[in-house]
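Student: Let me see the structure of the following:
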Amino acid sequence: MSGIALSRLAQERKAWRKDHPFGFVAVPTKNPDGTMNLMNWECAIPGKKGTPWEGGLFKLRMLFKDDYPSSPPKCKFEPPLFHPNVYPSGTVCLSILEEDKDWRPAITIKQPKQSRIRKKSSSTSQKILPLVRQRLGQKEWV
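Tutor: Next comes the predicted model:
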């Protein structure tokens with residue numbers, strides 16, 4: 001494992017523990033020997049009030065490669081979340097999580113989670129319904 005990645009993730013964990021958005025969770029997993037695995041985080045994102053996700057707490061896994069922060073983490077909802085910005089596999093589709101698009105090494109673990117919640121809050125039911133229909137292969141609601 002890269003010393004740079006581990007050092008950066010240890011710093012981000014410390015910063016997260018001091019200050020993070022209310023209701024959000026981000027915790028490194030544990031290895032079989034009980035040590036902390038900073039390369040694999042279990043997270044939870046609360047559903048934004050006034051959206052179809054209100055009241056939910058959505059589990060997300062963040063997997064980091066050895067070349068982090070040069071490359072973005074893989075973020076995946078487990079189980080998959082039905083949302084326009086989430087692939088059916090559960091993988092999050094955001095340009096800030098794509099190395100060849102908007103990812104920058106200065107982005108911290110806090111930013112993708114906040115970006116996802118903003119996407120959820122800006123997606124009104126009227127915007128979502130056509131996408132839901134498309135995924136379900138329906139032209140009209142019965």
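
Student: Helix, strand or coil: sort out Ser7 for me.
Tutor: helix (DSSP: H, G, I helix; E, B strand; the rest coil).

Student: Give me the distance between it and Tyr68.
Tutor: 10 Å (Cβ to Cβ, to the nearest Å). The way it works is simple: take the backbone N, C-alpha and C, and place the C-beta from them, glycine included.

Student: Please say which of those two ends up with more neighbours.
Tutor: Per other Cβ atoms under 10 Å, whichever of Ser7 and Tyr68 has more neighbours is Tyr68, with 23 against 11.

Student: Need the nearest residue in space to Leu60, chain neighbours excluded.
Tutor: Cys43 (4.3 Å; Cβ to Cβ, 6 or more residues apart in numbering).

Student: Any idea what that neighbour is bridged to?
Tutor: Per DSSP bridges, the residues bridged to Cys43 are Ala26, Leu60.

Student: Contact partners for it?
Tutor: Each residue near Cys43 by Cβ atoms under 8 Å, 6 or more residues apart in numbering is listed here: 24-27, 59-62, 113.

Student: likewise Gln11?
Tutor: So Gln11 contacts nothing (Cβ under 8 Å, 6+ apart).
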